[in-house]
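1. build the 3D model from these lines:
(chains A, B, C and D)
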There are 4 protein chains.
Amino acid sequence: MTGNTFGKLFRLTTFGESHGKAVGCVIDGCPAGLDLSEADIQKELERRKPGGWLASPRKEKDEVRILSGVFEGKTLGTPIAMVVENRDVDSRPYEEIKDIFRPGHADYTYHAKYGIRDWRGGGRASARETVARVAGGAVAKKLLGTFGIRVVGYTREIAGVECDVSGLTLDEIHARAEKSDVRCPDSEAEKQMIERVVEARKEGDSVGGIAEVIVSGVPPGLGEPVFWKLDAYLAFAFMGVPAVKGVEIGRGFKAARMRGSEHNDWMTWEKGVRFLSNNAGGVLGGISTGQDIVIRAAIKPTASISKVQKTVTVRGENVEISVKGRHDPCIVPRAIPVLEAMAALVIADCMMLQGLIPRFLV
Amino acid sequence: MTGNTFGKLFRLTTFGESHGKAVGCVIDGCPAGLDLSEADIQKELERRKPGGWLASPRKEKDEVRILSGVFEGKTLGTPIAMVVENRDVDSRPYEEIKDIFRPGHADYTYHAKYGIRDWRGGGRASARETVARVAGGAVAKKLLGTFGIRVVGYTREIAGVECDVSGLTLDEIHARAEKSDVRCPDSEAEKQMIERVVEARKEGDSVGGIAEVIVSGVPPGLGEPVFWKLDAYLAFAFMGVPAVKGVEIGRGFKAARMRGSEHNDWMTWEKGVRFLSNNAGGVLGGISTGQDIVIRAAIKPTASISKVQKTVTVRGENVEISVKGRHDPCIVPRAIPVLEAMAALVIADCMMLQGLIPRFLV
Amino acid sequence: MTGNTFGKLFRLTTFGESHGKAVGCVIDGCPAGLDLSEADIQKELERRKPGGWLASPRKEKDEVRILSGVFEGKTLGTPIAMVVENRDVDSRPYEEIKDIFRPGHADYTYHAKYGIRDWRGGGRASARETVARVAGGAVAKKLLGTFGIRVVGYTREIAGVECDVSGLTLDEIHARAEKSDVRCPDSEAEKQMIERVVEARKEGDSVGGIAEVIVSGVPPGLGEPVFWKLDAYLAFAFMGVPAVKGVEIGRGFKAARMRGSEHNDWMTWEKGVRFLSNNAGGVLGGISTGQDIVIRAAIKPTASISKVQKTVTVRGENVEISVKGRHDPCIVPRAIPVLEAMAALVIADCMMLQGLIPRFLV
Amino acid sequence: MTGNTFGKLFRLTTFGESHGKAVGCVIDGCPAGLDLSEADIQKELERRKPGGWLASPRKEKDEVRILSGVFEGKTLGTPIAMVVENRDVDSRPYEEIKDIFRPGHADYTYHAKYGIRDWRGGGRASARETVARVAGGAVAKKLLGTFGIRVVGYTREIAGVECDVSGLTLDEIHARAEKSDVRCPDSEAEKQMIERVVEARKEGDSVGGIAEVIVSGVPPGLGEPVFWKLDAYLAFAFMGVPAVKGVEIGRGFKAARMRGSEHNDWMTWEKGVRFLSNNAGGVLGGISTGQDIVIRAAIKPTASISKVQKTVTVRGENVEISVKGRHDPCIVPRAIPVLEAMAALVIADCMMLQGLIPRFLV
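-> Below you'll find the model as predicted:
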């Protein structure tokens, strides 16, 4: 229970099933006096919307409506409720598989947990739930922006094809990623990624990949030892995004093969502490160092594939299934705005916990 | 703030600095009627104790004292406070470096966060803090044991040497790991691991590695969508352990390179749902499947090395440092009881959230 | 921050300003499988609706719409979002006093806290916010009903006129209260109460009173020592309702003048523990005894009066004000469904904390 | 579960049974850099200690030991653990009544909740638990003191004898109360109170009373609408203190009989908003006004009396009991430091939530 609220001081509560009336959220704890409009939210929703040629053909307008918490263009410090109605709902493909537990999906586990489930479009377990996260994250981003903090995500790897962003500024990474069909800033890699996605789709299959999120402008001192370390909090946020199976910060799993003398980031003094490298990914002892925070999420291949698979029904029958519906053959590009949203929520919350954001902005 | 409490219903609050009077914890929410003695706790503390020939020479007896919550050998349902006094404290090596920010350590970030820090032995940022986690985890393990749930950890990799546990039962993995100086159940790999640790130590350097924890006997249905998914909760728990830089579940980062048709675990019916593989690592849609939960943590090389490093002082001087003190050249083996403790805390909490543990046991 | 969520396992988050687009709520943690329809909610909303001849002339339909969490007439275990649009909004009377801090209102304190406020109809500080509480409470009541627990409130006192319910059953108290314009089950007292309310209104003034809520069917064992005692939790819930200035349980303030020998409730055995009296109001040591829980709230006279009062503006001018708008001369009768809702939320949460409600109902 | 932690950012977790090894607490969230010593805590513990001629003859030294979180006389921002060993423990009088549910006590309800209880001296339900609250409150008081906030409590009424403090300053109230055996600043009333307490004791009976706590120096803006209103939070804190049966703020229950025109506090401008009265008790709309916060608790007569009472045993036998042990015939005077502690904890937490206390003090 209580699984649908995220954050301690800057808190997001989400609701909604994939084929229900609406998805939405309530943000509690946003300081008063922040400029905020529906356009600020809409802009981010557009980024995760289905509909690209490589993505699910579900055509949702995803129009957000702010119901409370904003008055004359400014936040009131009271809860901000936002609702996005579900419009392009087609539950028919789900009707015939409603008693089947799809492999790789939460059908069986929801059944085990709740004894009942909304089988239409995956119900609450659908990635459609992330609309509400992106809406909430848009508010967090707006807030962070006033403190000079930016959150940028991009596709690091798809189907084994890695991209190279060395030498690119954060602005360049962002600009190139947003122009790419797979959110990859490296055009060479992008081509190969697309090939592999198309190939998988043709075969009724799917592929996975790795997303990276960079947060710049973070002051040192964020994160609460010992359990609510900044990196623990980020790992929690990222691993809670659908399809994520691994999270790493800085050098991550590569750090396990390094020597201490290689991994430790040396410091020097230039009008303050400066680090000579960032193997740690911006976090030491669970507290931000002031460097860029660099985190990655491993994303599994989309579970919904049309290839025939073996599974069972709720009544204990062994059956075969080919999942129809409207699905992305690779979820990585659309996961990026969601991961950015989660990172923004964490940083906003930590800024407030550290007392760096006042109760009202003037 | 409030970073020192872990859990929702089964809650652990820890306290203590490395060279302060004591480290300890309070567990709130443990059901009444559980058999519990100091020996149950002591047994686990022994497993993480410093002192092996490969580890820090600090010689702590780590004797735990239960101050409350247990009466006539049974838990009361009230808070269980446990204290371990710090005895073998030698703060002299820290005296001379008290104004220096050690690379790879939390010295600078604690300074940035709190404006003050206990420089003796790393203070609160020391891995000594994990004594309290292991004590708390011991209670969680005891509780889970009454429900047939086991938590077993072992060293998967050190300094790039991977071990192979295929074909071993959980009992065998545990038995072999506990006999090994590096907690590695594979004697071939163990030898190489030890070589590399010894080599690193000789050079005044350190190495990292990967730990794996397996939880067996978990019923399906644990984990709270959407934010408090079971894997998100586990990632939070693991990434909050000192030196952990990455966490993955099931196939983890390897899943990013798999096809959906490879990764999806098929189901069949044998007096209930049975999975034909466990690529997911026991979690689907953030909810346990009933299979073994398999999680790994990437652990960075120990930050304390005697090799000379560049850094700065609190006063802005550029200096060189060679860290003395008593340190483990590889922290992986001693991290395992800590990771097991964290996994046990998560599962105990999720069992309670799911209503599978009554308020008192009879 | 985080002030708009109530509960630990059965959690209510509310949103909405009095003259904004809507008020509403999200319930997280309601078990799956509960029969629930909009009619269940609507029934309770009707009870707090403005519009009686003694009440505010604001005519809101208060139609609730469930956006999520219910599928084919049953709860899913996922968040239940409910929205009530604000329709009969007339902000003109507030326009002219928007810079004035009304005495007895939260105008000044919201200004001090947030630096900004929605002055239309009191914004978030309006009693209109309680629509969302009643909606949330309706779900809690429905849930408690399946366990035989009832929550009944009535007007105990208005303007110094006390009522007498001795000898009445809970059913009779409820039936009579619901027929009364002031929710008073004692027709003698009712007449005098109405006289005093009418008199106050004529004089441009207002009156206060005392509401009592009785919860029957509560099992022994609810409430979490030491801070989250059942009575502490109820006091928290009641004192958080607008206009409440005091809360007491059982004999309450009268207990302060009793002897221990009078106040202690004796026990006897009749197929279990039976109490011979209920001075404690159903709670001992913060834990339910199994008797009726009896709680009272002291409600201040409505702050909005047309009598001329002295106050100041946001710019520091000393002014006089006569509050127009649409107000109840006595808020007690309409506060009762709100207090019932709060009591139901507390008991539902405590039932879940005690493990007496499963994750899904069959 | 989770009932033993109080607060959101400034958090107190307590532990300990009356006749167990120790009682104690952990404070998490206290800002770094606060001067703090064991003497600061001890001073407050002395105020609640048993031993006065009117009180329980249990002679506890109540020596506090700080185990963590303080370094070189200053708080570190890390958890502050404090322990008070139980020394003068005499469990023999309880041995013979261990199977009997004492009337007015939590014996039966703990049994119903946990299925097991520590019958020695009331176990966790004993007022001895409040030692830990006073220790925690002492830290909160120290912190608030640096912001000019004071918390003063006194006995307002005992056994129906009311005291009169009109015309007295806060300093005078405090000074007189602390010199009085019943913590009553009015010497006339004091005499009568003592007479009634002595009389009750002679008869093997007990009396109750009312305590008032005043908090001065509170800035406007504290308290979190809508559920975590400042007065709701205070009511929660007070009602959670053993033996409290009612809480009121400002005019409290008397407000229920006032007219709006009498009760509303008018404002005027004198270099800022000034109120002409304080009927509200320092809180409007759940947010502090900047005036003194005035709260009262109704305290029931001590449940432990030697007069013969009827009750039952755990085995279902009807028996008579005369409670021996060492008890206060009136708990009001000793409850006052506890209520002050609770008020201090609430205000400290609200100051932090409002962002008025930085993460470290310089």
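2. where does A:D181 sit: helix, strand or coil?
-> coil (DSSP: H, G, I helix; E, B strand; the rest coil).
3. ok, A:C30 next?
-> Strictly by three-state DSSP, A:C30 counts as coil.
4. any idea how far chain C is from A:T5?
-> 7 Å (CB to the nearest CB, to the nearest Å). C-betas here are computed from N, CA, C, even on glycine.
5. dump the residue contacts of that residue.
-> Going by CB atoms under 8 Å, 6 or more residues apart in numbering or on different chains, A:T5 touches A:R11, A:L12, A:T13, B:F227, C:T5, C:R11, C:T13, C:D28.
6. next one: A:T289
-> A:P220, A:D265, A:F275, A:A280, A:G282, A:V283, B:Y108, B:T109, B:A112.
7. if we go to 7 Å?
-> A:P220, A:F275, A:A280, A:G282, A:V283, B:Y108, B:T109 (CB atoms under 7 Å, 6 or more residues apart in numbering or on different chains).
8. A:D118 too?
-> A:D118 makes contact with A:E17, A:G20, A:R124, C:F71, C:L76 under the criterion CB under 7 Å, 6+ apart.
9. where does it land in three-state SS?
-> Secondary structure assignment for A:D118 (three-state DSSP): coil.
10. near chain B, which residues of the stretch 251-362 of chain A? Just list them.
-> A:251-253, A:255-261, A:263-269, A:273, A:284-289, A:298-303, A:305, A:307, A:309-312, A:316, A:318, A:353 (CB under 7 Å from any CB of the partner chain).
11. before we move on, the earlier item: okay, the contacts of A:T289 in JSON lines with secondary structure next?
-> Supplementary listing: the contacts of A:T289 in JSON lines, determined by three-state DSSP:
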{"residue": "A:P220", "secondary structure": "coil"}
{"residue": "A:F275", "secondary structure": "strand"}
{"residue": "A:A280", "secondary structure": "coil"}
{"residue": "A:G282", "secondary structure": "coil"}
{"residue": "A:V283", "secondary structure": "strand"}
{"residue": "B:Y108", "secondary structure": "helix"}
{"residue": "B:T109", "secondary structure": "helix"}
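12. now, which of the residues you listed sits nearest A:A55?
-> A:A55 has its nearest neighbour among those in A:G282, at 31.2 Å by CB to CB.
13. that closest one and chain D: what is the separation?
-> From A:G282 over to chain D (counting by CB to the nearest CB), the distance is 19 Å.
14. what is the burial count for that residue?
-> Using other CB atoms under 10 Å in any protein chain shown, A:G282 has 27 neighbouring residues.
15. quick one: contacts for it?
-> A:V218, A:S288, A:T289, A:Q291, A:D292, A:I293, A:V294.
16. separation between it and A:E248?
-> 13 Å (CB to CB, to the nearest Å).
17. where does the stretch 101-250 of chain A come near chain C, residue by residue?
-> So far as CB under 7 Å from any CB goes, the stretch 101-250 of chain A lies against chain C at A:K113, A:Y114, A:G115, A:I116, A:R117, A:D118, A:G123, A:R124.
18. looking at those, which has the most residues close by?
-> Counting by other CB under 10 Å, top hit in these: A:R124 with 29 neighbours.
19. count of residues packed around A:R92?
-> 10.
20. any idea which residue of the stretch 1-150 of chain A lies closest to chain B?
-> Using CB to the nearest CB, the closest approach of the stretch 1-150 of chain A to chain B is made by A:A106 at 2.3 Å.
21. what does the closest residue to that residue other than its chain neighbours show for phi and psi?
-> Among residues not flanking A:A106 along the chain, B:G285 sits closest, at 2.3 Å (CB to CB, 6 or more residues apart in numbering or on different chains). Main-chain torsions, B:G285, degrees, to the nearest 10: phi 60, psi 20.
22. give me the number of residues near B:G285?
-> So B:G285, with other CB under 10 Å, has 27 neighbours.
23. returning to that earlier point: which one of the contacts of A:T289 is nearest to B:A232?
-> With CB to CB as the yardstick, the closest approach to B:A232 among the contacts of A:T289 comes from A:V283, at 18.0 Å.
24. need the contact list for that closest one.
-> Taking CB under 7 Å, 6+ apart, one finds A:G223, A:L230, A:D231, A:I249, A:T289, A:I293 in contact with A:V283.
25. for it, list each beta-bridge partner.
-> A:S288 (DSSP bridges).
26. if I look at it, what pLDDT would I see?
-> What the model reports for A:V283 is a pLDDT of 98.
27. likewise A:V139?
-> So A:V139 comes in at 98 (pLDDT).
28. phi and psi next, for it.
-> phi -70, psi -40.
29. okay, now the unreliable bits of chain A?
-> A:1, A:51, A:56-58, A:325-326 (pLDDT under 70).
30. the helix ranked longest in it close to chain D?
-> Longest helix of chain A, by residue count under DSSP state H: helix A:332-353. No - judged by CB under 7 Å from any CB, helix A:332-353 stays clear of chain D, getting no closer than 7.8 Å.
31. neighbours of A:E172, just the number please.
-> Neighbours around A:E172, by other CB under 10 Å: 12.
32. confirm that it lies within a helix, as I assumed.
-> Yes - A:E172 sits within a helix when classified using three-state DSSP.
33. gap between the closest residue to it other than its chain neighbours and C:V165?
-> Closest residue in space to A:E172, ignoring its immediate chain neighbours: A:P185 at 7.0 Å, by CB to CB, 6+ apart. With the distance defined as CB to CB, A:P185 ends up 73 Å from C:V165.
34. okay, these two: which has more neighbours?
-> When A:P185 and C:V165 are compared for neighbours, A:P185 comes out ahead with 23 against 19, by other CB under 10 Å.
35. ok, the more buried one - contacts?
-> Residues counted as contacts of A:P185 (CB under 7 Å, 6+ apart) are A:Y154, A:C163, A:V165, A:L168, A:E172, A:I173, A:R176, A:A177.
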